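Colleague: have a look at this fold, sequence not included:
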């Protein structure tokens with residue numbers, strides 16, 4: 001998913017708020033979809049600025065070099081009451097290309113000196129190309145043998161038809177000397193490629209990690225992912 005970088009803070013005193021009652025923000029929470037990134041709190045004046053670097057790293061580290069992750073369009077940024085968002089720079093909507101970073105400078109009006117609590121900043125994406133994929137577990141099978149891959153549950157907000165990567169320890173279901181000619185993944189997923197490529201033989205004793213590149217469906221999905229080795 002897209003990730004937020006550090007927050008550069010500027011005090012309200014920079015905008016002529018010296019001597020005014022201050023508001024204490026216990027934490028600055030930034031929400032994008034189902035993810036919340038929490039940053040430290042601080043004391044602010046009547047108005048204050050925050051700069052939020054937003055880096056689009058969706059799929060980073062999971063995709064082979066020849067596959068590009070999705071661009072992200074930030075369609076709106078809001079703050080929860082009792083705060084008031086005064087200005088956003090750059091203006092919205094703003095597209096953040098894959099593996100690029102944009103800085104969003106927000107000027108916010110505080111509720112006054114009686115407030116002591118969190119500030120929630122909400123980022124919304126305008127893309128209709130993204131879907132939610134929730135994999136409850138990954139099941140591996142070879143002939144009659146069927147095992148669950150531990151700690152395999154995951155959730156992704158990903159572009160329709162995007163390819164993602166899963167690393168599989170083959171010794172969970174295979175043995176030394178086994179040969180694999182084909183791999184099938186359960187619908188609505190589709191196998192794109194593997195590293196190493198098929199066919200392959202299990203010819204090392206201690207560990208054999210197979211990188212699998214799998215195409216996700218064109219619609220949101222929640223359920224199991226089954227991988228069958230033939």
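Modeller: Yes, it's here. Computed from a prediction, not measured in an experiment: that's the story for all the values here. Residues are numbered from 1 along each chain as shown.

Colleague: quick one: low-confidence parts of the chain?
Modeller: Where the chain drops to pLDDT under 70, the residues are 1-21, 34, 58-70, 127-128.

Colleague: ok, 50 please
Modeller: Filtered on pLDDT under 50, the chain yields the residue ranges 1, 6, 9-18.

Colleague: quick one: buried residues of the longest strand anywhere in the chain?
Modeller: What stands out as the longest strand in the chain, according to DSSP state E, is strand 130-142. By neighbour count on 16 or more other Cβ atoms under 10 Å, the buried set for strand 130-142 is 130, 131, 133, 135, 138, 139, 140, 142. Placement of C-beta: from N, CA and C, glycine included.

Colleague: looking at those residues, which is nearest residue 151?
Modeller: residue 138 (9.5 Å; Cβ to Cβ).

Colleague: what sits against residue 228?
Modeller: The contact partners of residue 228, by Cβ atoms under 8 Å, 6 or more residues apart in numbering, come to 140, 141, 142, 183, 184, 185.

Colleague: helix or strand: which one has it?
Modeller: Applying DSSP states H and E as the criterion places residue 228 in strand 221-229.

Colleague: quick one: buried residues of that strand?
Modeller: Residues of strand 221-229 classed as buried by neighbour count (16+ other Cβ under 10 Å): 221, 225, 226, 227, 228, 229.

Colleague: try stretch 199-215
Modeller: For stretch 199-215, a neighbour-count test (16+ other Cβ under 10 Å) marks 200, 202, 208, 210, 212, 213, 214, 215 as buried.

Colleague: my guess is the third one contacts residue 202. True?
Modeller: Just to be clear, that refers to residue 208. Yes: counting by Cβ atoms under 8 Å, residue 208 does reach residue 202; the two are 5.5 Å apart.

Colleague: please flag which of the buried residues of stretch 199-215 sit within strands.
Modeller: Among these, the residues falling in strands (DSSP E) are 200, 210, 212, 213, 214, 215.

Colleague: need the residues you listed in CSV with distance to residue 175, can you?
Modeller: As requested, those are exported to CSV (distance: Cβ to Cβ, whole Å):
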residue, distance to residue 175
200, 14
210, 14
212, 19
213, 25
214, 24
215, 29
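
Colleague: picking that back up, what is the most widely separated pair among the buried residues of stretch 199-215?
Modeller: Checked with Cβ to Cβ, these reach their widest spread between 202 and 215, with 25.4 Å between them.

Colleague: outside of stretch 201-219, which residues touch it?
Modeller: With contacts defined as Cβ under 8 Å, 6+ apart, stretch 201-219 is touched by 63-64, 67, 131, 133, 156, 158, 160-171, 174-180, 183, 185, 188-196, 200, 225, 227.

Colleague: what pairs with residue 141 across the strands?
Modeller: Counting by DSSP bridges, residue 141 forms beta bridges with residue 146, residue 228.

Colleague: what does residue 39 give?
Modeller: With DSSP bridges as the criterion, residue 39 is bridged to residue 28.

Colleague: I figured it hits residue 25, correct?
Modeller: No: the pair residue 39 / residue 25 is not scored as a contact, 9.5 Å apart, by Cβ under 8 Å.
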